[in-house]
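Next come a sequence and a model predicted from it.
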Amino acid sequence: MTTVPIAIIGTGIAGLSAAQALTQAGHTVHLFDKSKGPGGRMSSKRSDAGSLDLGAQYFTARDRRFVAQLRQWQVQGHVAEWAPSLYTAGSNGMAFSPDEQTRWVGTPRMGALCRALAADAQATYSCRIVEVFRGRDYWQLLDADNNSHGPFSHVICAVPAPQATALLSAAPKLAALVAGVKMDPTWAVALAFDTPLDTRMQGCFVQGSPLDWLACDRSKPGRSSTLDTWVLHASAQWSRQHIDLPKESVIELLCGAFAELINCPVPEPQLSLAHRWLYARPAGAHEWGALADSDLGLYVCGDWCLSGRVEGAWLSGQEAARKLIEHLEA
Ligand code: FAD
Ligand code: NAI
């Protein structure tokens, strides 16, 4: 057991998962995030149409440990099942595409799960860490405002790979490995209509279009918007090609693609907004679990170390904590 706290950079689901495992093992952790609150790519955006899930849409659970965790979160009211009426869309039009997969969402919004996990954690928000360096015995973190934080016995970087690389200069081999991980962007657009669209579709996997996913946000459990809210995700390829387009143009183009796909009239939305996720998903697959320089006390986790999904991020956080505890006990 350490008396000097462990620093975790990133309060997405990976960082929070690591924090939970370490706290349960009796360690003290302190989390840092550059955003105003926790959640990362699982956070929801507040808008005049209520909270909207602009990032992660739902998650599946295939690993028995994550299944067990989900059951607990379900009992605590942090997640609920979402069984959308699923469709596919492509060059042959739109087709009903039901399946047996259980899908989960945070409730009453996706971001609520991470908020609940972070509720009792010691965390500093609006704090971008720019440097992680080791003194004689302990780690120190430097933020973008030149404030120093520490001492810490260990550091876990739970941020997207391109953002982790800069924090790993103390472990050049680790930094070089992480620098090789590319992540693709996603443009997300939310639309809210006064009158519900005349469609049964609540979620749609799209191919051969600028879009790759459509969802009726209001169809998720616990959402209370009085407007008919929709979230559209552009494909990685389209998002890359239009990475610097102004938001208004992104809305116009993706709204147009939506109107072409959906077999009903799409009126002028009451509200439209766009969000660019620069590091939305890993471009390739890895099965690292978590990465570490255990002798130095530096650990790295995140969705990109595993499946690039919520489940992978949670498992990666667990794995980083497991490696750290194992090294302490060795
Ligand atoms: P993140 O959530 O990215 O957390 C990293 C945190 O680190 C962030 O809060 C960030 O602010 C912080 N940070 C970064 N750099 C610094 C720094 N220097 N200092 C301090 N803080 C820093 N997954 C699914 O399973 N199902 C889906 O349907 C799905 N859809 C998605 C749709 C979109 C548009 C996106 C973007 C993602 C989607 N995902 C989906 C993926 C899922 O959201 C991620 O796998 C998961 O949320 C990643 O969690 P994480 O903790 O690894 O990283
Ligand atoms: P899942 O099992 O529902 O979907 C996995 C894939 O299977 C889907 O992408 C889709 O191609 C296909 N599929 C699933 N059900 C289908 C159905 N009923 N009809 C037709 N095709 C179907 O969920 P999983 O494995 O948990 O994946 C999460 C989802 O999150 C994926 O769709 C993935 O693309 C998406 N994601 C999006 C990101 C982004 O940045 N836009 C980032 C990370 C994940």
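Yes, it's here. Ligands and ions are numbered 1, 2, ... in the order given.

Check which residues of stretch 204-215 are buried.
Using 16 or more other Cβ atoms under 10 Å as the test for burial, stretch 204-215 gives 204, 206, 209, 210, 211, 212, 213, 214, 215. The C-beta positions use only the backbone N, C-alpha and C, and glycine is treated the same way.

Check which helices and strands the helix or strand encompassing residue 318 sits against.
Per DSSP states H and E: residue 318 is located in helix 310-329. With contacts taken as 3 or more Cβ pairs under 8 Å, 6 or more residues apart in numbering; DSSP states H and E, helix 310-329 sits against helix 13-24, helix 64-76, strand 155-157, strand 291-293, strand 298-300.

now for those, which one comes closest to ligand 1?
Closest approach to ligand 1 among those (Cβ to the nearest ligand atom): helix 13-24, 3.3 Å.

is the very next helix or strand once past that closest one up against ligand 1 anywhere?
Sequence-wise, the next helix or strand downstream of helix 13-24 (DSSP H and E) is strand 29-32. Yes - judged by Cβ under 6 Å from any ligand atom, strand 29-32 and ligand 1 are in contact via residue 32.

Report the secondary structure state of the residue of the chain positioned farthest from its centre.
The C-alpha centroid of the chain is most remote from residue 136, which lies 34.8 Å away (Cα atoms, centre = their mean). At residue 136, secondary structure determined by DSSP: H, G, I helix; E, B strand; the rest coil is coil.

how far away is it from residue 11?
According to Cβ to Cβ, to the nearest Å, residue 136 and residue 11 sit 29 Å apart.

now the strands for the stretch 101-250 of the chain?
104-106, 123-124, 129-134, 139-143, 148-152, 155-157, 183-193, 203-206, 211-216, 228-234 (DSSP state E, counting those that start in this stretch).

Residues of this structure that sit close to ligand 2?
So the chain meets ligand 2 at 59-60, 86, 88, 97, 99, 101, 186, 205, 233, 280-281, 308-309 (Cβ under 6 Å from any ligand atom).

and with 5 Å instead?
60, 86, 88, 97, 99, 186, 205, 233, 280, 281, 309 (Cβ under 5 Å from any ligand atom).

Okay, now the unreliable bits of this structure?
The model of the chain has pLDDT under 70 over residues 1-2.

center of it, which residue is that?
residue 41 (2.7 Å).

sec struct for it, please.
Each residue gets one of three states, and residue 41 gets helix by three-state DSSP.

Please tell me I have it right and residue 8 contacts residue 152.
No - using Cβ atoms under 8 Å, residue 8 is not in contact with residue 152; the gap is 9.3 Å.

Overlap in contacts, those two.
Residues touching both residue 8 and residue 152 (Cβ atoms under 8 Å, 6 or more residues apart in numbering) are residue 30.

Fine by me, we can end here.
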